[in-house]
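# Show me how the following folds:
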Amino acid sequence: MNAKTRDAIAVLEDMSVGQLRERYLEVFGEIARTRNKQFLRKRVAWRIQALAEGDLSARARRRAEEIANDADLRIRAPRQVTTTLNTERMVTATVQPGRDPRLPMPGTVLKRRYKGQVIRAMVLDNGFECGGEVFESLSALATHITGTRWNGFQFFGLRQKGGTHEG
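The predicted structure is shown next:
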């Protein structure tokens, strides 16, 4: 990188977001849609360097477009996952959509001391059982216990690593 390019990039460090947006307009010829200072600084620096020293070769650009066109973009996880264990046998497993990874396995008993009582709730496949009642979510259960709205994960301490539960 030559000294002129290095100096032009160094100046970006002291610019405000407004100044970076103006510089973005100068080098790209369009208005920046972001106000993220770090992103603007990196993009403008990249463009200054690309203009000074040359951009990607035409061959590299074509190859990148080919790769992008061939890529199968997956927006959602597949409902079934098929894996081959060996050449004779394939295993298909259904992926459970929507199960929160913070939740312990069904059958786990969550416990919490609240107003002098120990509250125990069993994790079910599709809800939580406490005191003979089944609740759709931990938040619904926590709200039932306290009488006010609570985040169920916070109430039972599941936001911390490991949470509060019995095996």
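# alpha carbons only for contacts and neighbour counts from here, please
Will do.
# Determine the longest helix present in the protein.
For the chain, the longest helix by residue count, based on DSSP state H, is helix 37-53.
# and it, which residues are buried?
By neighbour count with 16 or more other CA atoms under 10 Å, helix 37-53 contains the buried residues 37, 40-41, 44-45, 47-49.
# would you turn those residues into TSV with pLDDT and distance to Pro101?
Putting the buried residues of helix 37-53 into TSV (pLDDT from 0 to 100; distance: CA to CA, whole Å) gives the following:
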residue	pLDDT	distance to Pro101
Lys37	93	34
Leu40	95	35
Arg41	95	36
Val44	94	39
Ala45	93	40
Arg47	91	41
Ile48	91	44
Gln49	90	43
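# Looking at these, spot the one nearest Arg62.
Arg47 (19.2 Å; CA to CA).
# Sheet partners, orientation included, of the top strand by length along the chain?
The longest strand of the chain (DSSP state E) is strand 117-124. Partners of strand 117-124 in the sheet, by DSSP bridges, are strand 109-114 (antiparallel), strand 127-130 (antiparallel).
# among those strands, which is the most enclosed?
When the strands paired with strand 117-124 are scored by mean count of other CA atoms under 10 Å, the highest mean neighbour count falls to strand 127-130 (a mean of 18).
# what's the next secondary structure element after it?
strand 133-135 (DSSP states H and E).
# Now do the buried residues in the next helix or strand after that following strand.
Going down the chain from strand 133-135, the next helix or strand is helix 138-146, by DSSP H and E. Within helix 138-146, the residues that count as buried by 16+ other CA under 10 Å are 138-143.
# what do you get for stretch 115-126?
Result for stretch 115-126 [16+ other CA under 10 Å]: buried residues 119-124.
# Work out for me the element Arg63 sits within.
Counting by DSSP H and E, Arg63 is found in helix 58-70.
# tell me the mean pLDDT for that helix?
Mean per-residue pLDDT for helix 58-70: 82.
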